[in-house]
Structure formats: structure tokens, C-alpha cells
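Novice: Quick check, what structure comes out for this input:
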Amino acid sequence: MRCRRSTRWLWTGGRSRGLPPNPGGWITTTARNRALDRLRRQTRERRLLGEAALVTGVGDPLPEAEAVPDDRLRLIFTCCHPALAPETQIALTLRLLGGLSTEQAARCFLVAAPAMAQRLVRAKRKIKAARIPYRIPADHELPDRLPPVLAVVYPIYTTGLSGQEQPVLCREAIRLARVLGALMPDESEVAGLLALLLIESRRAARTRPDGGLVLLGQQDRGRWDRHLIEEGHGIVRRCLARDRPGPYQLQAAINAVHADAPTAADTDWPQIVTLYCHLYRLAPTPVVALNRAIAIAEVRGPIVGLALVDRLEAELDQYYPFHAARAELLRRLDRRGEAAAAYRRAAALAPPGPERDFLQRQPAQV
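Specialist: Sure, this is the predicted structure:
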């Protein structure tokens, strides 16, 4: 059953002295930190006992329990080593374990493929020169390595949205997110990532029978998977109750607003703009700014939206969704020649797949 249209996927934000705004969330965080301290002590005790057994010959070393039960996820945590820069951790892990090519990893970072190749080479040299060990992290080390791990799982899914490998990569990303959720149930951003990936609910409506792309506003929402939508809504509600919003939770909330609308015309765009503004405060990236500009265009019109989009050209000139969004706004303003040129630029940058095919058809339709 579809969630009521009145649902508000918003966080209050802000902090004040005195009683925390969410005492339950504060208690949960405190309890988690206490539990981590206890785990650190236990891990150290086990290590010391094992070393003592080796030195004295009394008893056998205690085997360390596997902190991460899934093989691939364990390798991802291992590759996300803090000795490497965060972007290098993510890029190297996407290339070695995420199933992405160098070109696909480069698109995730909005850089050229040769630059990404050089980045990967430098990372491997640093690992060798610094003798960074291949060691599975202990359980108390997992929270510190979690942000890059999440940043690996998400691009695996988004890369899977285009090309022949899409079902495999998308399913694997969702599986990893579910394993992470079971492993770290108190981490709100883990829950937010899983809720975000449940946009998989739109898969059946995303393409035509001939494989052509169907944009969100034109999709048959009756073909959306309501079970996945309800699961995602439930996760977002639990995140709202915790009141510890993060980028993945906010993106999941934006998708929840889209899912709440029975038709594209019913979309609550003002709420989406509010959520994007909150997201931009937490993650002020040019891609978030682009999506916020697109949402603002739905509220204030294409002239305002285009002005905001054009400010991002220097940072996003190699990003095909930038040119596609700009083309659509130009089209709405009846600036047909400019719209056709922007569509051609987007098609030239897009990877092979339904998106490129769609963009290549647009200039003739303009």
C-alpha cells in the first residue's frame, strides 16, 4: 500500500545546549561508543593472550573472529586502508574489487581515464613502498573505514544502471548494502545507503521493451516495485527517528518524495528543494549543486534553473548529465539550436548504453 501523500521526509537540523533534540539517538550513540571501547579492550586482550601463548608455549593462540563475514566486503574493508588518501582508497577498491573498469572509475570521479590510470599506479607504488600490510581490519576499526566503503558500494550500483552489466552490478551493490546493514545496524548512513539503492524499485519502468530509456517523469509508476518502495520508506522513517542525517539518508529521502507522488505532476518539488539544500550543506559538491538547480527549476522556472546550472560549467564540463540537464532547460525555453548542441555534447560524453542512445536521438526531436 502506498504511503500517504502527506509524508514529510525532513530533518529538523540544528543543535542546542541542554537536553539533546533526540535523547534516544544520543543514548544510542553513547552506547555504541562504549561498546566500541569494550571491543577495543577485548581485541587487545586477545592479541596479548595469543602472543603470550606463542612466547611461553602454553596453550594455543586464540583465533581472531572474523569481523566481516562476507568475503568481498571483507576485501573492500581491507583495501580501504587509512594510509591512502580517501579518493585513492575508493578508486583502487572500485577498480580491483568493484568490477569497474578504469574508464568507469574515472567517470565516478569526473576525471579523464588517463588521469585515473595514473592515480591507480601511484597508489600501488605507495602500497609497495610503504609496505602497507594486507590485513583484515579488526571490528573496532570498521567504523573509521566505513565512509570509503560506502563510497565504493554506491558507485557500483550507479555504474550498473547503464551498460550490459547493469543487473549484476546493481544486485551486488544491494547485497553488499544489506550485509553492511546486518553488520552495523546502528550506523544511520549504512541504512540510508540501502534505502537509496532501493530505487531499484523503478527498474521495470526505466526502459521500453526495445531497451530505450524512459525518463523518470514519463515512467509508468504502476510498474514500480511497491515492496521495495515500502522497504525503503520504512528505513527512511527509522533514520528520521534517529535524527542523525547524512548524505545517503537525504538522497534516500528525496527518492521517497518521488515515490510518494502518484504522478510526476504531483511531485512535491518544494520539499525536494529543501532536502537538496540540506544535502548541499553536508556535501557541497558540484553534482549536488546540479541536482539542486534542476529541482529549483521545477519550482521557480527554467530561467532561474539554467542560470544556476551555467555556473557549474567549469567544474562539470566533462559530466554528461550536466549537458543533458542544460539541454532540457534550453529546450523548455525554446532555444532549440543551443539545446540540440547541448544534447550532442552530452551524447559524446555518455557511456555506451540506453542513456547515450536516448541523448543521440534528442537533437533531431528538438
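Novice: Could I get the full set of helices for the stretch 1-150 of the chain?
Specialist: Using DSSP state H, counting those that start in this stretch, the helices of the stretch 1-150 of the chain run over residues 23-56, 71-79, 86-96, 102-108, 113-130, 142-159.
Novice: Going by mean pLDDT, which of the ones you listed comes out lowest?
Specialist: Ranked by mean pLDDT, the helices of the stretch 1-150 of the chain end with helix 23-56 at the bottom, a mean of 53.
Novice: now the spatially most central residue of the chain: how far from Cys108?
Specialist: With distances taken as Cα atoms, centre = their mean, Tyr154 lies nearest the centre of the chain, 3.8 Å away. The spacing between Tyr154 and Cys108, counted by Cβ to Cβ, to the nearest Å, is 9 Å. C-betas here are computed from N, CA, C, even on glycine.
Novice: Report how many residues lie close to Ala348.
Specialist: Per other Cβ atoms under 10 Å, the neighbour tally for Ala348 reads 12.
Novice: quick check, distance from the helix or strand harbouring it to the centre of its chain.
Specialist: Element membership of Ala348 [criterion: DSSP states H and E] is helix 336-349. Chain-centre distance of helix 336-349: 27 Å, with Cα atoms, centre = their mean, to the nearest Å.
Novice: which residues touch it?
Specialist: Contact with helix 336-349 is made by 318-324, 326-328, 330-331, 356, 359-360, 362-363, 366, as judged by Cβ atoms under 8 Å, 6 or more residues apart in numbering.
Novice: buried subset of these?
Specialist: Neighbour counting by 16 or more other Cβ atoms under 10 Å classes 319-324, 326-328, 330-331, 356, 359, 362-363, 366 among those as buried.
Novice: roughly how far apart are Arg74 and Tyr248?
Specialist: Separation of Arg74 from Tyr248 (Cβ to Cβ) stands at 21 Å.
Novice: between those two, which one's more packed in?
Specialist: Under the criterion of other Cβ under 10 Å, the comparison of Arg74 against Tyr248 puts Tyr248 first, with 26 against 16.
Novice: Next one: the more buried one from Asp225, what distance?
Specialist: For Tyr248, the distance to Asp225 - Cβ to Cβ - is 20 Å.
Novice: Check Pro148 too.
Specialist: Pro148 is 30 Å from Asp225, by Cβ to Cβ.
Novice: neighbour count winner among the two?
Specialist: It is Pro148, of Pro148 and Asp225, that has more neighbours when counted by other Cβ under 10 Å, with 25 against 15.
Novice: check contacts around the more buried one.
Specialist: Per Cβ under 8 Å, 6+ apart, neighbours of Pro148: 80, 86, 89-90, 93.
Novice: Please report how far the nearest residue to Glu231 once chain neighbours are set aside lies from Val236.
Specialist: Excluding its sequence neighbours, the residue lying closest to Glu231 (Cβ to Cβ, 6 or more residues apart in numbering) is Leu198, at 6.0 Å. For Leu198, the distance to Val236 equals 10 Å [Cβ to Cβ].
Novice: residues near Thr93, how many?
Specialist: With other Cβ under 10 Å as criterion, Thr93 counts 28.
Novice: so how far is stretch 304-319 from its chain's centroid?
Specialist: How far stretch 304-319 lies from its chain's middle: 22 Å, per Cα atoms, centre = their mean.
Novice: How about stretch 120-132?
Specialist: 27 Å.
Novice: Show me what counts as buried in that stretch.
Specialist: Residues 120, 123, 127 are the ones in stretch 120-132 that count as buried (16+ other Cβ under 10 Å).
Novice: could I get those as TSV with distance to Gly217?
Specialist: TSV is the format used below for the buried residues of stretch 120-132 (distance: Cβ to Cβ, whole Å):
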residue	distance to Gly217
Leu120	38
Ala123	41
Ile127	46
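Novice: Leaving out sequence neighbours, find the closest residue to the residue nearest to the centre of the chain.
Specialist: In space, Tyr154 is closest to Leu193, 6.3 Å off (Cβ to Cβ, 6+ apart).
Novice: related to what we said a few turns ago, common neighbours of Leu198 and Val236, please.
Specialist: Shared contacts of Leu198 and Val236, defined by Cβ under 8 Å, 6+ apart, are found at Ala252.
Novice: give me the low-pLDDT residue ranges for the stretch 151-300 of the chain?
Specialist: Counting by pLDDT under 70, the stretch 151-300 of the chain has low-confidence residues at 163-166.
Novice: didn't Pro147 look like it was pressed against Glu87?
Specialist: No. Look at Pro147 against Glu87 with Cβ atoms under 8 Å: they stay out of range, at 11.6 Å.
Novice: hmm, back to that, just checking, the residue nearest to Tyr154 touches Leu250?
Specialist: No. Using Cβ under 8 Å, Leu193 is not in contact with Leu250; the gap is 11.5 Å.
Novice: who's more crowded, the two?
Specialist: Leu193 (30 against 27).
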